[in-house]
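[1] Need coordinates for the below:
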Amino acid sequence: IGKGAAGARGNDTKMLKLVVLNWIALNGAAIQPPLHRNSKIDWGFNHKLTGSLLCLVGLDWKDTE
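    Alright, predicted model coming up:
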């Protein structure tokens with residue numbers, strides 16, 4: 001059962017990554033620098049766009065301090 005649950009969770013995460021990528025690329029616009037669909041290494045706080053979306057509302061992502 002645990003093996004099946006882990007596999008389902010992995011599939012859900014994989015699909016979510018693709019859905020989020022399509023959602024943040026407004027109207028099919030290119031994301032610069034590009035985000036790779038099959039790797040998460042440049043996602044999250046490591047990328048300008050996804051980092052700004054993860055930033056807390058009260059903080060300014062562009063403020064380096």
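[2] ok, which stretches of the protein are helices?
    Secondary structure of the chain by DSSP state H: the helices cover 2-24, 48-54.
[3] mind checking how far residue 45 is from residue 24?
    As judged by C-beta to C-beta, to the nearest Å, residue 45 and residue 24 stand 15 Å apart. All C-beta spots, glycine's among them, are computed from the backbone N, C-alpha and C.
[4] got it, and residue 64?
    23 Å.
[5] higher neighbour count, the two?
    Using other C-beta atoms under 10 Å as the criterion, residue 64 and residue 24 rank with residue 24 on top: 14 against 5.
[6] can you pull the contacts of the more buried one?
    By C-beta atoms under 8 Å, 6 or more residues apart in numbering, the contact list for residue 24 reads 31, 49, 50, 53.
[7] Dump those residues to CSV, plus neighbour count, distance to residue 60 and pLDDT.
    Shown next, in CSV, are the contacts of residue 24 (neighbours: other C-beta atoms under 10 Å; distance: C-beta to C-beta, whole Å; pLDDT from 0 to 100):
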residue, neighbour count, distance to residue 60, pLDDT
31, 14, 21, 84
49, 15, 15, 85
50, 19, 16, 85
53, 12, 14, 84
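[8] Need the residues you listed in a markdown table (columns: distance to residue 15).
    What follows is the contacts of residue 24, written out as a markdown table (distance: C-beta to C-beta, whole Å):
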| residue | distance to residue 15 |
| --- | --- |
| 31 | 19 |
| 49 | 20 |
| 50 | 17 |
| 53 | 19 |
